[in-house]
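A.B. asks: Build me a model:
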Amino acid sequence: MVEFTGERVVPGQVNDDLWSEHFARYAFARGFAVSKQVLDCGCGTGYGSAELAQVAAQVVGVDISPQAIEYARLSYPGPIFTTGSCEALPLPKARFEVVVAFEVIEHLADYRQFIREASRVLAPTGLFIVSTPNKRYYAESRAESGPNPYHAHEFEADEFYSELNSVFPHVVLLLQNRVESFAFHPAKTFWPSDARIDGGGGSVDDAHFFIALCSHSPLPDLRSFVYVPKAANILREREQHVHLLQIQVGQTTTWLDQTRQERDDLLALYRKQKDELERHNLWAEQLNRQLNEAHQRVESLQQELLDEQAAATAVAQGYECKVRELEEENLAKTEWARDTDARLTGELDAKSQELVECVRLLQQAETTVEERTLWAQRTEAQLNTAATSRWLKLGRRLRLGPVLQAQER
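C.D. replies: Down below sits the predicted model:
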């Protein structure tokens, strides 16, 4: 289902005025399409192609939107619908006798290429009918809502005519406006219509839309065209509409009074909340000041802590240096003690060995002394024995024998 977004008209999804101003262009073009090969550029949802197909030999509708083409195919079986760009029409040269493009050119970035494409597919004696909004009027009418986001380039009358005339030597510019009129018609049927337009054609600057008829050959005789969407008592409808508006105004007035009361209540509530808010703001400011002071105190304490940590780190580093010095000194003393212990142990072992040797020699000397003492004692005994021997005494007398040095007792 195609939804109306403001880019393309969707039947049943727009108001009567918008529908009529778009459909009127196809009603105007219908008079030139009788028994002709017709191309509808930017056909959208296909309602205009279907209107032309009622009198044309054949109508081809082209639109860049696949969703719009699908909607057209399902809704209007008469025309041929195809997807394509108006800046590169997928159609052969000089194929159509009438080419229409209603409210399309302002949507195209390269509108000059589109004009050349329309010229290419148009027969030498064919007619190109193209419309666009009046830039000046359109800008004023959309002053509050802003520019149409789907429009790439909008035209004033002179520019529109100049661009078309640069490709087509024969161009005539018509104005499309909504007009006040009176209709004379039967109640249940319709007769062929005649129209009379008094008061001139209106101002170009004030025109709602421009309709240009373009051709490479002289244009046919043209007549003004009036499209009446509904032949009814418009004044009566307006009176009824005014009555409804008056009812709505009454309802709106009641609603406005209620709204004003609600507004007054809201204003009172607002003032009360404002006073509370001001009190809360004062409290918040005090709290903020206290919080800032607390932050400053915290920062001060953090700085003190950092200083203390730095001092403690310095002390710890000094302590570690002293510990390392003491450890090094202790290691040196331990090494000295070990060396001294090893040296003294070696000396002690040597002295012990020397003492053992001395003890051995002493024991040996004592043994020798004992042996010699025993020997001396034996010798002395022997000498004493010999000294007392009569033979020795005889030898002395005779001066014979050894001289004994032993002392007689």
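A.B. asks: Outside of the strand of greatest length in the chain itself, list whatever touches it.
C.D. replies: When secondary structure is assigned using DSSP state E, the longest strand within the chain turns out to be strand 122-133. Applying C-beta atoms under 8 Å, 6 or more residues apart in numbering, the external contacts of strand 122-133 come out as 25, 28-29, 32, 37, 94-106, 118-119, 154-155, 160, 164, 168, 176, 208-217, 219-220. All C-beta atoms are positioned from the backbone trio N, CA, C, and that covers glycine.
A.B. asks: Do you know the pLDDT at the residue most central in space within the chain?
C.D. replies: Centroid-nearest residue in the chain, with C-alpha atoms, centre = their mean: Pro149, separated by 24.4 Å. Looking at Pro149, its pLDDT reads 86.
A.B. asks: Specify the local secondary structure of it.
C.D. replies: Using DSSP: H, G, I helix; E, B strand; the rest coil as the criterion, the local structure at Pro149 reads coil.
A.B. asks: Could you measure from it over to His107?
C.D. replies: As defined by C-beta to C-beta, to the nearest Å, Pro149 lies at a distance of 11 Å from His107.
A.B. asks: And the residue lying closest to Lys135 once chain neighbours are set aside, what's its pLDDT?
C.D. replies: When the adjacent residues along the chain are set aside, Lys135 lies closest to Glu154, with 4.0 Å between them (C-beta to C-beta, 6 or more residues apart in numbering). Taken from the predicted model, the pLDDT recorded for Glu154 is 91.
A.B. asks: returning to what we had before: any idea how far Thr45 is from the residue nearest to the centre of the chain?
C.D. replies: Here the distance between Pro149 and Thr45 works out to 19 Å (C-beta to C-beta).
A.B. asks: Over to Gly250?
C.D. replies: Gly250 sits 39 Å away from Thr45, taking C-beta to C-beta as the criterion.
A.B. asks: show me where the stretch 1-150 of the chain has strands.
C.D. replies: In the stretch 1-150 of the chain, the strands defined using DSSP state E, counting those that start in this stretch lie at 37-41, 58-63, 80-83, 96-102, 122-133.
A.B. asks: Out of those strands, flag the one nearest Ala50.
C.D. replies: For the strands of the stretch 1-150 of the chain, the distance to Ala50 is smallest for strand 58-63, at 8.0 Å, taking C-beta to C-beta.
A.B. asks: residues of the closest one that come out buried?
C.D. replies: 59-63 (16 or more other C-beta atoms under 10 Å).
A.B. asks: Is it possible to get TSV of those residues that adds pLDDT and distance to Asn15?
C.D. replies: Converted to TSV, those look like this (pLDDT from 0 to 100; distance: C-beta to C-beta, whole Å):
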residue	pLDDT	distance to Asn15
Val59	98	26
Val60	98	29
Gly61	97	24
Val62	97	27
Asp63	96	23
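A.B. asks: Nearest to Ala311, out of those residues: which one, please.
C.D. replies: The shortest approach to Ala311 among those belongs to Asp63, at 84.4 Å (C-beta to C-beta).
A.B. asks: Glu106 is in contact with the residue nearest to Lys135, correct?
C.D. replies: Yes. Contact status for Glu154 versus Glu106: in contact at 5.3 Å, counting by C-beta atoms under 8 Å.
A.B. asks: Against which helices or strands is the longest helix belonging to the chain packed?
C.D. replies: The longest helix of the chain (DSSP state H) is helix 234-387. Counting by 3 or more C-beta pairs under 8 Å, 6 or more residues apart in numbering; DSSP states H and E, no packing neighbours are recorded for helix 234-387 among the helices and strands.
A.B. asks: Quick one: distance of that helix to the chain centre.
C.D. replies: The chain centroid and the centroid of helix 234-387 are separated by 45 Å under C-alpha atoms, centre = their mean, to the nearest Å.
A.B. asks: The stretch 101-250 of the chain: helices as residue ranges?
C.D. replies: Counting by DSSP state H, counting those that start in this stretch, one finds helices in the stretch 101-250 of the chain at the ranges 111-121, 135-141, 157-165, 234-387.
A.B. asks: pull the helix or strand with minimum mean pLDDT from this protein.
C.D. replies: helix 390-397 (a mean of 69; mean pLDDT, DSSP states H and E).
A.B. asks: who's more crowded, Gly250 and Thr45?
C.D. replies: The neighbour count for Gly250 versus Thr45, taken as other C-beta atoms under 10 Å, is higher for Thr45 (26 against 10).
A.B. asks: what's around the nearest residue to the more buried one once chain neighbours are set aside, how many residues?
C.D. replies: Setting aside the residues directly before and after it, Thr45 is nearest to Tyr71 in space (C-beta to C-beta, 6+ apart), at 5.1 Å. Residue crowding around Tyr71 was assessed by other C-beta under 10 Å; the count is 22.
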